[in-house]
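Visitor: Okay, structure incoming, though there's no sequence with it:
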């Protein structure tokens, strides 16, 4: 029997983000998920090394890889709509849960328990999901910086609101990441090489 989970996973590259915004360069869900995974991993490492936590850094990365996979089916709903009011937010969360269950059912039975935790939040991963959420917002901030660097003022307000959201997350490792890494995203290639 053929199972379709990884064929669906492969379709993340067809889902564009920031649909309501004029983009100088489109960003797809696959690119975003890789960035979130790398940042979530970094946040876990920072937290472990600076704050004495014992996060599973590799699991943080895996949660980051899969965190938006339901959007293959639902699409990337713009933030103002998704979080516009409590009823819409709850309805969208229910759709995401149903979609996640559908995706997990596309795996062979013997794999489903291992993968369901990437979609269905478990208490044991609560702190890792907090890091993934911070990584997701930092990834959005990076997109805003890149668009601004390209001369696109369309993302100026999004940049301000995303910076505010990240600062309110109460994730010390995210603050450290911003302090140590975010400024480099405004540099060009020659500046990046000179700095390092």
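Guide: Thanks, I have the structure now. All of these numbers come straight from a predicted model, not from anything done at the bench.
Visitor: contacting residues for the most centrally placed residue in the chain?
Guide: Of all residues in the chain, the one closest to the mean position by C-alpha atoms, centre = their mean is residue 136, 3.1 Å from it. Applying C-beta atoms under 8 Å, 6 or more residues apart in numbering, we find residue 136 in contact with 36, 64, 67-68. Placement of C-beta: from N, CA and C, glycine included.
Visitor: And for residue 101?
Guide: So residue 101 contacts 119-120 (C-beta under 8 Å, 6+ apart).
Visitor: After the lowest-mean-pLDDT helix or strand in the chain, which helix or strand is next?
Guide: Lowest by mean pLDDT, DSSP states H and E among the helices and strands of the chain is helix 79-82, with a mean of 72. The C-terminal neighbour of helix 79-82 among helices and strands, as given by DSSP states H and E, is helix 86-104.
Visitor: What are the buried residues along that next one?
Guide: Burial within helix 86-104, assessed by neighbour count using 16 or more other C-beta atoms under 10 Å, is assigned to 92, 96, 99-100, 103-104.
Visitor: Any idea how many residues pack against residue 57?
Guide: Other residues within reach of residue 57 by the criterion other C-beta atoms under 10 Å amount to 17.
Visitor: What of the one 5 residues further on?
Guide: A count of neighbours around residue 62, defined by other C-beta under 10 Å, yields 18.
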